[in-house]
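Trainee: here's my sequence, what's the structure:
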Amino acid sequence: MYTELDMAEIECPICREQVIFPQGEPNVFECPECVAELDWNGKHITGVKTNRNYLFVDGENFDSYFDPELFADAIDFANEVIDNDKTVLSEFGWSYTHTTTEESVLGSMKFSRRYAGFLIVLLLISVGLMILLIPDGGFVGGLICMAVPTILFILRAMTPNDDDEKLALAINVGGSYREGDGSGFVPDCSYYAHYRWKNATFTFLTFKSVSENYFLELSNYYSGGGDNSSPMQGYMWTLRDNKVKIAGGGNDEIIRTKVHNLERENLVDDFEQILALKNQLKKKTGVYMPIKIEFTGRDTNLWGAKKSSKIIQIIESDSELSNLWKKLEEGK
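Mentor: Numbering: from 1, shown residues only. Below you'll find the model as predicted:
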């Protein structure tokens, strides 16, 4: 027999009616109003199943990543993504949608088999040459060096991947399905979402109502490029509150700028570019996000001459840069 202290009142994210669950007792419960299956971990709802499956990961850290009262809005957003290709804002965000077909998966599997076959032939040739040329130790050593990585490539090509799962799903749902992922601010509201989805399963990594307690933290980066790529420069960003990082810091969370040597006029261009993004975000979401920039002073050819303290001195000694810096840091 449960007492009131043993029970938790939760809003069903499908029908928005109040339901009562026993605290500390994980189970899957059915909403008495809309018959949705609600996965209850004893403290929070971590999954919802109707004709679609909505998952909320990191259940043990639920308070840090999700606001339970926003579940219904999160599911509305998920349905808009699946049904109407809704995307997050390009300002401090990205999204991607792709259609996987039975033909594309079969093509990928066929290529993998051909690639593995080519590598096996190459390995057999290498082994044959080693047997024929055993007296020539140096040459044999070179062949061994070629054979070992070839074996590794063969093992990688023959390692089971998710092509079988993709093919089974494509066949099951009629020949093709859609999938995607994204991270960023939801248009016309103050929510930040990070998600991935495939067909009828939508997984939230983050769905957060952003307030004045949050800010964007930027740090400079530089990549020198290589034989087939050009140098890149810009700022990596993360969304934080005063305690934890909410999102960002990956390869997709980057503001690219022109490549430059951190002189005054180039810093002005950078700050104006970032300020424009901040103002666009305010116009589209109503959130005026404070921005803090950190110059890491990484020891590369480009950054070595301009350490963090020197860059700050340049900013503080210039009225235009100081004014832009202040506008970026302001939260209103």
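Trainee: where exactly do the helices run in the stretch 51-200 of the chain?
Mentor: Ranges of helices in the stretch 51-200 of the chain, per DSSP state H, counting those that start in this stretch, are 62-65, 71-84, 102-132, 137-158, 163-172.
Trainee: which of those helices has the lowest mean pLDDT?
Mentor: Of all the helices of the stretch 51-200 of the chain, mean pLDDT reaches its minimum on helix 137-158 (a mean of 54).
Trainee: leaving out sequence neighbours, find the closest residue to the spatially most central residue of the chain.
Mentor: Nearest residue to the geometric centre of the chain (C-alpha atoms, centre = their mean): residue 183, 5.8 Å. Distances taken as C-beta to C-beta, 6 or more residues apart in numbering put residue 194 closest to residue 183, at 4.2 Å, once the chain neighbours are dropped. Any C-beta I mention is one placed from the backbone N, CA and C, and that applies to glycine too.
Trainee: okay, and the beta partners of residue 257?
Mentor: Counting by DSSP bridges, residue 257 is bridged to residue 233.
Trainee: what about it, distance to residue 314?
Mentor: Separation of residue 257 from residue 314 (C-beta to C-beta, to the nearest Å): 16 Å.
Trainee: so which of those two has more stuff around it?
Mentor: Set side by side, residue 257 and residue 314 show more neighbours around residue 257, with 17 against 14, by other C-beta atoms under 10 Å.
Trainee: could you measure from the more buried one over to residue 268?
Mentor: From residue 257 to residue 268 the distance is 11 Å (C-beta to C-beta).
Trainee: now residue 210
Mentor: On the measure of C-beta to C-beta, residue 210 and residue 268 end up 28 Å apart.
Trainee: looking at those two, which one has more neighbours?
Mentor: Relative neighbour count places residue 210 above the other of residue 210 and residue 268, with 19 against 14, counting by other C-beta under 10 Å.
Trainee: so who does the more buried one touch?
Mentor: Contact analysis of residue 210 by C-beta atoms under 8 Å, 6 or more residues apart in numbering lists 185, 190, 191, 192, 239, 287, 289.
Trainee: wait, the fourth one sits on residue 246?
Mentor: Right, residue 192. Yes. Counting by C-beta atoms under 8 Å, residue 246 is a contact partner of residue 192 at 6.7 Å.
Trainee: what sits in contact with each of these two?
Mentor: Common contacts of residue 192 and residue 246 (C-beta under 8 Å, 6+ apart): 206, 208, 239.
Trainee: what's around the last one, how many residues?
Mentor: Neighbours of residue 239 under the rule other C-beta under 10 Å: 25.
Trainee: before we move on, what about the first one?
Mentor: By the other C-beta under 10 Å criterion, the neighbourhood of residue 206 contains 20 residues.
Trainee: just the CA trace of the helix or strand harbouring it, in CSV.
Mentor: Secondary structure assignment for residue 206, by DSSP states H and E: strand 201-209. Output of strand 201-209 as CSV, limited to C-alpha atoms (Å, rounded to 0.1, in the frame of the first residue of the first chain):
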residue,chain,number,x,y,z
THR,A,201,12.7,6.0,-32.9
PHE,A,202,13.7,9.5,-31.6
THR,A,203,16.5,9.8,-29.0
PHE,A,204,17.0,12.9,-27.0
LEU,A,205,20.5,13.5,-25.6
THR,A,206,19.5,17.0,-24.4
PHE,A,207,16.3,19.1,-24.3
LYS,A,208,16.8,22.1,-22.1
SER,A,209,15.0,25.4,-21.5
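Trainee: would you mark the buried spots in the helix or strand just after it?
Mentor: For strand 201-209, the following helix or strand on the C-terminal side (DSSP H and E) is strand 215-223. The neighbour-count criterion (16 or more other C-beta atoms under 10 Å) identifies 215, 216, 217, 218, 220, 221, 222 as the buried residues of strand 215-223.
Trainee: which member of the residues you listed is positioned nearest residue 199?
Mentor: residue 216 (33.0 Å; C-beta to C-beta).
Trainee: and the closest one, how close does it get to residue 210?
Mentor: Distance of residue 216 to residue 210, given as C-beta to C-beta: 10 Å.
Trainee: mutual contacts of these two, please.
Mentor: Shared contacts of residue 216 and residue 210, defined by C-beta under 8 Å, 6+ apart, are found at 239, 289.
Trainee: how far does stretch 273-290 sit from its chain's centre?
Mentor: Counting by C-alpha atoms, centre = their mean, to the nearest Å, stretch 273-290 is centred 21 Å from the centre of its parent chain.
Trainee: can you check stretch 204-219 too?
Mentor: 14 Å.
Trainee: picking that back up, can you list the buried residues of strand 215-223 in TSV and add pLDDT and distance to residue 281?
Mentor: TSV is the format used below for the buried residues of strand 215-223 (pLDDT from 0 to 100; distance: C-beta to C-beta, whole Å):
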residue	pLDDT	distance to residue 281
215	91	12
216	92	9
217	92	15
218	92	13
220	86	20
221	84	21
222	83	25
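Trainee: now these as JSON lines including distance to residue 98?
Mentor: JSON lines is the format used below for the buried residues of strand 215-223 (distance: C-beta to C-beta, whole Å):
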{"residue": "215", "distance to residue 98": "33"}
{"residue": "216", "distance to residue 98": "28"}
{"residue": "217", "distance to residue 98": "30"}
{"residue": "218", "distance to residue 98": "29"}
{"residue": "220", "distance to residue 98": "32"}
{"residue": "221", "distance to residue 98": "27"}
{"residue": "222", "distance to residue 98": "31"}
